[in-house]
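Asker: got a predicted structure here, sequence first:
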Amino acid sequence: METQSTLTVTSSVFRDGQTIPQSAAFQGMGCTGDNQSPDLRWSGAPAGTKSYALTIWDPDAPTGVGFVHWVLFNIPGDVTSLEAGAGAHKGAKVHATAGTSDFGMTEYGGPCPPPGDSPHHYHLVVYALDIEKLEGLDETTSYAKFKFMSREHVLATGEIVGLYARPSS
């Protein structure tokens with residue numbers, strides 16, 4: 001299915017192309033953020049939208065395939081925002097399903113690029129889907145499996161890209 005329209009995605013803590021705040025950075029692996037997922041809002045969903053999903057992916061991570069920070073799907077179609085910190089609840093707060101990130105967890109994992117790297121680009125994508133629930137997916141679902149299983153159901157997408165570099169010590 002071809003994407004037919006674009007969603008508008010915003011956050012009150014950073015704008016597209018701007019720096020993600022320390023509050024949203026990872027806590028661990030040498031990073032000292034609060035690991036609080038940013039608040040998000042989206043609008044412009046086309047008719048027929050029955051659910052949403054979102055992912056955060058860092059293509060700049062030195063892995064050859066990037067690094068996935070959050071996979072959340074089966075967000076009800078009447079939900080068009082997430083409050084700050086919603087990613088700490090494994091999807092339960094919005095009655096959604098959180099897949100597994102490259103951190104190996106089912107919660108939001110904030111930015112944590114290697115020390116000395118220039119700012120990485122964190123692509124936060126919201127998907128409007130034509131199905132209420134993606135069947136056969138659960139908390140073990142990876143980004144790759146989510147992308148494969150949702151590909152025929154995407155009506156629209158919207159993206160906000162945040163930048164983050166580890167603060168100098």
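Answerer: Done, it's in.

Asker: count of neighbours near E152?
Answerer: When counting by other CB atoms under 10 Å, one arrives at 10 neighbours for E152. For glycine as for every other residue, the C-beta is placed from the backbone atoms N, C-alpha and C.

Asker: can you tell me the SS state at it?
Answerer: coil (DSSP: H, G, I helix; E, B strand; the rest coil).

Asker: that one and G158, how far apart?
Answerer: Using CB to CB, to the nearest Å, we find E152 at a distance of 19 Å from G158.

Asker: ok, which stretches of the protein are strands?
Answerer: 5-6, 8-10, 27-28, 31-32, 40-43, 51-58, 67-76, 81-82, 97-98, 120-129, 154-164 (DSSP state E).

Asker: partner strands of the first one, with direction?
Answerer: Applying DSSP bridges, strand 5-6 is found paired with strand 154-164 (parallel).

Asker: do the fourth one as well
Answerer: Listed by DSSP bridges, the sheet partners of strand 31-32 and their directions read strand 27-28 (antiparallel).

Asker: kindly report the same for the second one.
Answerer: As defined by DSSP bridges, the strand partners of strand 8-10 come to strand 40-43 (antiparallel).

Asker: in the strand it pairs with, what's buried?
Answerer: Neighbour counts over strand 40-43 (16 or more other CB atoms under 10 Å) mark 40, 42 as buried.

Asker: I would like the residues contacting it, please.
Answerer: 7-11, 52, 54, 80-82, 124, 126, 158, 160 (CB atoms under 8 Å, 6 or more residues apart in numbering).

Asker: one more: stretch 146-156?
Answerer: By CB under 8 Å, 6+ apart, stretch 146-156 touches 1, 3-7, 44-46, 48-49, 53, 55, 71, 73, 99, 127-131, 134, 136-137, 141.

Asker: repeat that for stretch 159-168.
Answerer: So stretch 159-168 is in contact with 9-11, 14-20, 22, 24-25, 30-32, 38, 40, 111-126, going by CB under 8 Å, 6+ apart.
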